[in-house]
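1. need coordinates for the below:
(one chain, ligands or ions: 2)
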Amino acid sequence: MSVAAVELRALRKVYRHRHGWGRGSAETVALESVDLDVPPGELFGLLGPNGAGKTTVVKICTTLLLPTAGTARVLGEDVSQAGRQLRQRIGFVFGGERGLYWRLSGYDNLRYFGDLYRLPPDRARRRIDELVQLVGLEGRIHDRVERYSRGMKQRLHLARGLLHDPELLFLDEPTIGLDPVGARDLRQLVRGLADRGTTVFLTTHAMLEAEAICDRIAVVHRGRIIAAGAPDVVRRQGADLGVVEFEAVGIDDRLVQRLRQLPGVEAVQVVAGELTHRVTVQCPDPASLVLQLGPCLDGALAVGLRVREPTLEDAYIRLVAEPAP
Ligand SMILES: Nc1ncnc2c1ncn2[C@@H]1O[C@H](COP(=O)(O)OP(=O)(O)OP(=O)(O)O)[C@@H](O)[C@H]1O
Ligand SMILES: [Mg+2]
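-> Ligands and ions are numbered 1, 2, ... in the order given. This next block holds a predicted model:
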């Protein structure tokens, strides 16, 4: 059997931080106990809301952070003992704009990182040319990075992460801050990498992203994995639910609270739009909920009411709305 790309067992991370001089210290349990297996060749997505522990998992797997307890094996090596050898076999890209030299061109950034990875100059040159094509930066690679858009910086980050041709690539929120088209293009790029044999471990809080490209996903919540499998399988965790959705005008916290207390309601999500709020209610019996809505809304205007099948996002909302097991 081939060695797992990532294998986490009872992985625990507690951050200790000082409150300030003489005021003692506090602890944050970022990972309670995480078990996870990612086989080689997979495009795997770790999902979870803000603060769930996604970045912490990636930092441990990439040897940037030591676990408090439990084990993390990456490409067969225990990360607590691994060093340079493992780092040569993995690549990582953390979301955001840091980590590039803004006054250098994209090309010179890649050359600099090629030196860090100790790539022979000839090989570095060939590899940079290949990657510039792959990430679609041909026309702009000699511009200074400070003139790049966010999407271009993210593409350059990806090229940097791939310079040494890693077997396994970690991407922490790769599409954060990108517009829908930029995000879609980047997703296609990542899917293409996986199709050509690179194992990819990405984190995201965007369900659609996971559904669009991942072979398998796991949902992390409050430092534990609460669901894992193919996106379809995770979606089925919401299969016994119906979803009622509408646009509401004049809805406030008090009304949302009343909605939450209606019989059978499992979760209510409210997303503010420009003029209206989009309200999504999950419940096992949408027909009876619709009948109760009128009196409950108490004069607030609901338009565009519809009942639909649950999506992966609904399953996710349900999972993270429940108290962790
Ligand atoms: N250096 C640190 N010191 C103290 N606490 C930390 C540190 N880094 C993260 N945490 C805490 O650990 C928990 C998990 O954080 P982490 O960054 O792993 O979450 P995340 O899932 O990546 O969130 P996000 O979606 O916001 O990026 C959070 O409660 C966070 O506040
Ligand atoms: Mg994070």
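2. which residues touch Gly136?
-> Remark: with contacts taken as Cβ atoms under 8 Å, 6 or more residues apart in numbering, Gly136 is in contact with Arg155, Asp185, Leu189. Heads up, the C-betas are built off the backbone N, CA and C, glycines and all.
3. most neighbours, which of those?
-> Neighbours were tallied for each of these (criterion: other Cβ atoms under 10 Å), and the maximum of 25 neighbours falls on Arg155.
4. can I assume that one is in contact with Val135?
-> Yes. Taking contacts as Cβ atoms under 8 Å, Arg155 lies within contact range of Val135: 4.1 Å.
5. mutual contacts of these two, please.
-> Overlap of the contact sets of Arg155 and Val135 (by Cβ under 8 Å, 6+ apart) consists of Leu189.
6. how about residues contacting the lengthiest helix in the chain?
-> For the chain, the helix with the greatest residue count under DSSP state H is helix 180-195. Residues from elsewhere that reach helix 180-195, judged by Cβ under 8 Å, 6+ apart: 41-43, 134-136, 150-151, 154-155, 158, 162, 169, 171, 174-175, 178, 200, 202, 209, 212-213, 215.
7. closest one to Ile90 out of the contacts of Gly136, please.
-> Within the contacts of Gly136, distances to Ile90 taken as Cβ to Cβ reach their minimum at Leu189, with 18.4 Å.
8. tell me the pLDDT of the closest one.
-> Note for Leu189: predicted pLDDT of 91.
9. just give the nearest non-adjacent residue to Val271, would you?
-> Arg278 (4.7 Å; Cβ to Cβ, 6 or more residues apart in numbering).
10. try Asn50
-> When the adjacent residues along the chain are set aside, Asn50 lies closest to His205, with 6.8 Å between them (Cβ to Cβ, 6+ apart).
11. for this structure, what lies in contact range of ligand 2?
-> Near ligand 2, the residues belonging to the chain are Lys54, Thr55 when assessed by Cβ under 5 Å from the ion.
12. pretty sure the residue nearest to Asn50 contacts Gly51?
-> No. Applying Cβ under 8 Å as the test, His205 and Gly51 come out as separate, 10.2 Å apart.
13. tell me how many other residues surround the closest residue to ligand 1 within the stretch 201-325 of the chain.
-> Relative to ligand 1, the nearest point of the stretch 201-325 of the chain is His205 (5.4 Å; Cβ to the nearest ligand atom). Using other Cβ under 10 Å, the number of residues around His205 comes to 17.
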